[in-house]
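**Q** sharing a model prediction with you, sequence too.
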Amino acid sequence: MNPEASYEAKIEKMQFMTPEEKFIFDLDGYIVIKDVLTPDEVSELNAITDEKQGLAKDQDGYKNIGKPSTWGAPFQTLIDHPKIVPYLIELLGPKFRIDHDYAIFMTKGAKRGRLHGGDNGYEGDHWYKYKDGVMRNGLTVLTYFTAPAKKGDGGFSCIPGTHKTNFLSSIPQEVRSFEREAHYVVQPEVEAGDALIFTEALVHGTMPWTADHQRRAFLYKYSPGHSSWSQNYYDLDQYENLTEQQKRIMAPPSVGRRSDSVALETLMA
Ligand SMILES: O=C(O)CCC(=O)C(=O)O
């Protein structure tokens with residue numbers, strides 16, 4: 001076969017992220033993508049959320065609910081939202097798969113997870129690599145926001161650049177637990193409709209929520225096609241009208257003859 005005709009050769013020439021976006025992700029280990037969802041999409045997702053979140057156990061203002069992707073078409077679409085797919089291909093490769101998804105809701109005063117993550121060398125799934133112009137990641141999180149997180153509101157926070165740190169074990173415990181503020185811990189600001197992608201190789205966590213409005217974040221987590229963080233794979237029977245592309249993205253991990261998640265014709269359209 002003419003190697004020029006291969007999928008890899010063709011997509012190598014495509015721009016999935018701008019040079020500046022690649023620079024930012026490589027530098028920081030995360031990137032905020034503005035205005036991924038329209039105001040109408042945000043309203044639709046919030047209306048469904050109002051109904052669904054009542055089912056979850058409230059843990060002192062914190063709720064974690066599994067599989068929002070099963071909450072109907074608007075949430076199913078988030079699996080392969082067209083504005084997000086280019087980032088997934090660039091960061092996880094053409095055979096990326098969805099690993100698991102869940103929602104986080106927090107009300108004022110709610111506290112949760114310490115700073116964690118990072119490529120600690122033994123967990124295996126939290127990694128970031130760069131070679132010859134190509135970035136690749138292990139488990140990678142795409143968070144959609146349907147409520148804003150302004151400066152100081154709390155929620156997602158991280159230590160930019162730690163996906164490449166050589167001093168992971170040197171982060172003080174009181175910084176990890178948010179008991180001591182440190183200038184190198186940041187809480188990225190987002191608006192409703194924005195999305196944020198980060199590699200689990202980045203040190204990250206959940207700052208206490210301080211805003212009057214509820215935090216609403218939907219975490220769709222992806223792996224390269226050959227790996228899985230979760231012990232469980234997607235049950236397609238829980239979904240209606242899945243597209244062939246979504247079925248490929250939801251397939252269990254594999255290596256040999258795995259289909260590309262997004263067909264070349266779709267990319268070139
Ligand atoms: O968005 C957040 O609150 C952080 C989520 C988190 O810690 C994770 O995905 O491992």
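**A** All right, it came through fine. The model shown is predicted, which means the values in this text are computed figures rather than measured ones.
**Q** just the strands in the stretch 101-250 of the chain please.
**A** Using DSSP state E, counting those that start in this stretch, the strands found in the stretch 101-250 of the chain span residues 128-131, 134-137, 140-145, 155-158, 195-199, 204-207, 215-223.
**Q** any chance of those in JSON lines with mean pLDDT and distance to residue 52 as columns?
**A** Where C-beta positions appear, they are placed from N, C-alpha and C, glycine not excepted. Shown next, in JSON lines, are the strands of the stretch 101-250 of the chain (pLDDT from 0 to 100; distance: least, Cβ to Cβ, whole Å):
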{"stretch": "strand 128-131", "mean pLDDT": "96", "distance to residue 52": "33"}
{"stretch": "strand 134-137", "mean pLDDT": "96", "distance to residue 52": "30"}
{"stretch": "strand 140-145", "mean pLDDT": "98", "distance to residue 52": "15"}
{"stretch": "strand 155-158", "mean pLDDT": "98", "distance to residue 52": "20"}
{"stretch": "strand 195-199", "mean pLDDT": "98", "distance to residue 52": "20"}
{"stretch": "strand 204-207", "mean pLDDT": "98", "distance to residue 52": "20"}
{"stretch": "strand 215-223", "mean pLDDT": "98", "distance to residue 52": "11"}
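**Q** which residues does residue 153 contact?
**A** 187, 209-211, 215 (Cβ atoms under 8 Å, 6 or more residues apart in numbering).
**Q** now list the buried members of the residues you listed.
**A** Buried members of the contacts of residue 153, counted by 16 or more other Cβ atoms under 10 Å: 187, 209, 211, 215.
**Q** any idea how far the third one lies from residue 231?
**A** Meaning residue 211. Separation of residue 211 from residue 231 (Cβ to Cβ, to the nearest Å) stands at 34 Å.
**Q** how many other residues sit next to the closest residue to residue 87 other than its chain neighbours?
**A** Leaving aside its chain neighbours, residue 87 sits nearest to residue 197 (5.6 Å; criterion: Cβ to Cβ, 6 or more residues apart in numbering). Applying other Cβ atoms under 10 Å, we find 25 residues neighbouring residue 197.
**Q** distance of the nearest residue to residue 251 once chain neighbours are set aside from residue 152?
**A** Once flanking residues are discounted, residue 251 sits nearest to residue 97: 6.1 Å by Cβ to Cβ, 6+ apart. Shown here: residue 97 relative to residue 152, a distance of 36 Å by Cβ to Cβ.
**Q** more neighbours, those two?
**A** Neighbours per residue, other Cβ under 10 Å: of residue 97 and residue 152, the larger number sits with residue 97, 24 against 10.
**Q** and that one, what does it touch?
**A** Residue 97 makes contacts with 222-225, 228, 249-253, 261, as judged by Cβ under 8 Å, 6+ apart.
**Q** surely residue 75 is in contact with residue 48?
**A** Yes. Residue 75 is within contact range of residue 48, at 6.8 Å (criterion: Cβ atoms under 8 Å).
**Q** need the per-residue pLDDT for residue 83.
**A** Note on residue 83: pLDDT of 96.
**Q** burial count for it?
**A** Residue 83 is flanked by 11 other residues according to other Cβ under 10 Å.
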